[in-house]
Structure formats: C-alpha cells, structure tokens
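*Asks:* Below are the sequence and a predicted model; questions follow.
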Amino acid sequence: MKNMLQLQFKNFITLQRGFDLPKKDRVLGDYPVVASTAINGYNAEHKVQPPGVVTGRSGSLGEVLYIDKPFWPLNTTLWVKDFIGNLPLYVYYFLKTLDLKQYNSGAGVPTLNRNHLDTLEIAIHDFQSQRKIASILSAYDDLIENNLRRIKILEEVAQNLYREWFVKFRFPGHENVRMVDSPLGKIPEGWAVVKVGSLLEKIKRKKRVKKQDYESEGTIPVVDQGRGFIGGYTTDQEALHDKPLPIIVFGDHTRVLKYVDFPFACGADGTQLLRPNTEQMPISLFYYALKSIDLSDFAYARHFKFLKEQEVFVPNEQIARLFAQVADPMRDLIRCLLSRNTNLRRTRDLLVPKLISGELNVSNLDIKTGGLIE
C-alpha cells in the first residue's frame, strides 16, 4: 500500500522486559510505577526516560500504555527500548491494533514472549504519515483527558462543599443554629445521625451482566465495580435498569462509588445499587456522604455490610434541599462530560484500525503535526 513499508516486527521496535520493584522497596516519589494494565503506584526513582510505550508481559495481556514522564516499568511488562526511528505515539496506537492477547505463550499464567513477535510480518506508514495519524488520534485523547480533568475538578468542588457544610458545619445560616449533642458529637439542632443501612431504599434487582458477556459495543452501557466508569456494553434488554434514576452503584470489593443518572445494566461482579428512602437525603447529598466514609481499614472484604453500619448526618429539609440545588447542576455537567467522552472514545476506536491499516489514507491530508514528541 502506498506510503507503507512491509517489514518484520523486530525491525519496527525493540521490546524490553521491565524491572523488579516490590512494594516494600518503593519510596514514594513523582515517578509512576507501571504495571501490565495501569500505573499502580509512584516511586522516588525511575528506570526509563519518556516517551514510553508499555504493554503487559505476564498476567494481563493486551493493554497498551503511553507514558509521557520518567517511569519505572515493572517486570510484568514489556517496554519499548528502541523505537528504531518510528514515532512513539504512532507505535502506541499501532500496538493497540495488534490484539496482543492472541500471542499468549503461557500454559498457566498468560505470558507474552517478545521473541514470538519478532518475526511477525507487519506494514507501517512512512514517518510523515505516522505524524499525521498520531496527530489525529491524539486530538481525541487530548479532548478526553481535558474532560476527565474537568470532571475531577467538579467532583472535588462538590466534595469540598460537602465537607464545609457537613463536617465543619459551615452551611448557610450556621451562625444562627444551636449545636446539640449526638453520638458523633455536637451537631446542628434539627439534624440526625443515622446508619446508612436504615436510609436504603429497596431496589428490585434486574438481570446482571457477567464480565465474560461484556461487549465492546452495544445499546446499553454496563456499570460495574471497576475503576473505569463504564466496563463494557450489552444489548440484553432484560438487564436494562432505567428507573429509579439517579442511582448509586457501589463496588463491594473495590469500594468504588458511581453516581449513575442514565439507563444502564449492572455488572454482576460484586455491585450494590443504593438509593436513599427519604426526601431529607437527596441522592446527590447521599452520594457525597457515602464518598466521605473511609472503609480502607477493612482490607479485602465484602464492604457493603460495613458500609451499612456507618453513620451519616441527615440535615433538616431546608439545608438538604439547598445542597441539592448547588450539587445537582454539577452532576448534570459531569454526566454531559462522561457522555462526550464515551462518544469520543467510540469515534477514536473506530478510527485507530482504519488509520493504522491504511484503509484511510492520510498522505494527502494537510494536518498540523507540531508538538508531537519524537
């Protein structure tokens, strides 16, 4: 194909196994420690200068990460030691199209042997086309990242508002409210201290989607206990949860809380659906009250039983309504940003294989490619 070069994988990039770094030997610092699927900590020292492209070598295969700061790749990973003149960002997108899971050579634990990739025949673009492709795809990633930063800021603002009103008790008009005794110390008069379990509405269970049944595309997003907001998709209408909404999804193992205000299907891997049973606890207030609870002392466990025993403040109706009036618009904006990111990811993921394979020809496109790390 025009502007594409046929070669063996070993002449494209050189992969190198990562380095041991047990958690007990880490000193907290600024450098990300990269595992097979994600950053799993930070260290005071690094092994590799950016830009970096990392994929899983052992345990979890298939994920590809792009790292733009000095980092420490763990020994469960393979990192690109030599880009052999290719653009690092193009290499990142190229590897995402290879479906590296298919090269598993482990009998028990999934293992990616870099030697098995060396003789793989591949086709890559010339350098100028690599820059254009990376520029197109990174524009989507930049928009996604900007939206994620906005979501993080909105979450922090709402959480800080909760702390100001319900931890420090500096809510509007607090100067004129008398403080009275409670099991948790002094609280504003007219407020109550209530266990989470007594605030929960009973929710009819729908069919839950097992992880092995997730689809990459579908009409219904699946929300589970994973760190990512959406775990996958399904077309199973029996699993559709469209009322009541909004609702809170709680990860029984991960302790992750997700405020869901769109129709969805619930993942089957340890999720609980939570919603308050009183108008004195609007769901946005309930969500941030739950986020303020620390369950980390319970280590690996079914955390829902501990969550139900925790106590939260239920304010008077006026303050509860006022908090919702401030927090709900933030939640609406977060929902819009999450929706935008879903659409951006879908479009990007459709483009990646078409651009990398050459199905979409970029040679005649006039694209600004400045600012890409080479």
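*Replies:* That came in fine, so what should we check first?
*Asks:* CA only for contacts and neighbour counts going forward, please
*Replies:* Noted.
*Asks:* Next up, the contacts around the residue lying closest to residue 209 once chain neighbours are set aside.
*Replies:* Using C-alpha to C-alpha, 6 or more residues apart in numbering and skipping residues adjacent in sequence, the residue nearest residue 209 is residue 267, 4.9 Å away. Contacts for residue 267 (C-alpha atoms under 8 Å, 6 or more residues apart in numbering) come out as 208-211, 222-225, 231.
*Asks:* Buried subset of those residues, written for ChimeraX?
*Replies:* Buried members of the contacts of residue 267, defined by 16 or more other C-alpha atoms under 10 Å, are picked up in ChimeraX with:
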select :208,209,222,223,224,225,231
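*Asks:* now the contacts of residue 267 in JSON lines, with distance to residue 346, secondary structure and pLDDT?
*Replies:* Compiled in JSON lines, the contacts of residue 267 are given as follows (distance: C-alpha to C-alpha, whole Å; DSSP: H, G, I helix; E, B strand; the rest coil; pLDDT from 0 to 100):
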{"residue": "208", "distance to residue 346": "24", "secondary structure": "coil", "pLDDT": "93"}
{"residue": "209", "distance to residue 346": "21", "secondary structure": "strand", "pLDDT": "93"}
{"residue": "210", "distance to residue 346": "22", "secondary structure": "coil", "pLDDT": "92"}
{"residue": "211", "distance to residue 346": "20", "secondary structure": "helix", "pLDDT": "88"}
{"residue": "222", "distance to residue 346": "15", "secondary structure": "strand", "pLDDT": "94"}
{"residue": "223", "distance to residue 346": "17", "secondary structure": "strand", "pLDDT": "94"}
{"residue": "224", "distance to residue 346": "19", "secondary structure": "coil", "pLDDT": "93"}
{"residue": "225", "distance to residue 346": "21", "secondary structure": "coil", "pLDDT": "91"}
{"residue": "231", "distance to residue 346": "14", "secondary structure": "coil", "pLDDT": "89"}
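*Asks:* re earlier: tell me the pLDDT of the residue nearest to residue 209.
*Replies:* Residue 267 carries a pLDDT value of 92.
*Asks:* Show me the helices in the stretch 151-300 of the chain, by range?
*Replies:* Remark: helices assigned in the stretch 151-300 of the chain by DSSP state H, counting those that start in this stretch are 283-291.
*Asks:* coming back round to it: rebuild the contacts of residue 267 as TSV, extending it with distance to residue 277.
*Replies:* Shown next, in TSV, are these (distance: C-alpha to C-alpha, whole Å):
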residue	distance to residue 277
208	23
209	26
210	28
211	30
222	25
223	22
224	23
225	23
231	28
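*Asks:* tell me which of the contacts of residue 267 is nearest to residue 144?
*Replies:* Minimum distance to residue 144 across those is 16.7 Å, recorded for residue 231 (C-alpha to C-alpha).
*Asks:* what residues are up against the closest one?
*Replies:* So residue 231 contacts 214, 221-224, 267 (C-alpha under 8 Å, 6+ apart).
*Asks:* how about a cut-off of 10 Å?
*Replies:* Contacts for residue 231 were tallied using C-alpha atoms under 10 Å, 6 or more residues apart in numbering; they are 211, 214-216, 221-225, 266-267.
*Asks:* Likewise for residue 307?
*Replies:* Contacts of residue 307 were listed using C-alpha under 10 Å, 6+ apart, and they are 195-197, 250, 252, 255, 290, 293-295.
*Asks:* Domain map for this protein?
*Replies:* Listed by automatic domain parsing, the domain ranges of the chain are 4-125, 144-336.
*Asks:* For residue 364, find the nearest of these.
*Replies:* domain 4-125 (13.4 Å).
*Asks:* re earlier: tabulate the domains of the chain (CSV), appending distance to residue 367.
*Replies:* Shown next, in CSV, are the domains of the chain (distance: least, C-alpha to C-alpha, whole Å):
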stretch, distance to residue 367
domain 4-125, 15
domain 144-336, 20
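*Asks:* For residue 137, which of the ones you listed is the nearest?
*Replies:* Using C-alpha to C-alpha, these put domain 4-125 closest to residue 137, at 8.3 Å.
*Asks:* Could I get the full set of strands for the stretch 151-300 of the chain?
*Replies:* Assignment of strands within the stretch 151-300 of the chain using DSSP state E, counting those that start in this stretch yields the ranges 179-180, 187-188, 192-195, 220-223, 232-234, 240-241, 247-251, 257-260, 264-266, 271-274.
*Asks:* Go through these and name the closest to residue 117.
*Replies:* Nearest to residue 117 among the strands of the stretch 151-300 of the chain is strand 232-234 (28.6 Å), distances taken as C-alpha to C-alpha.
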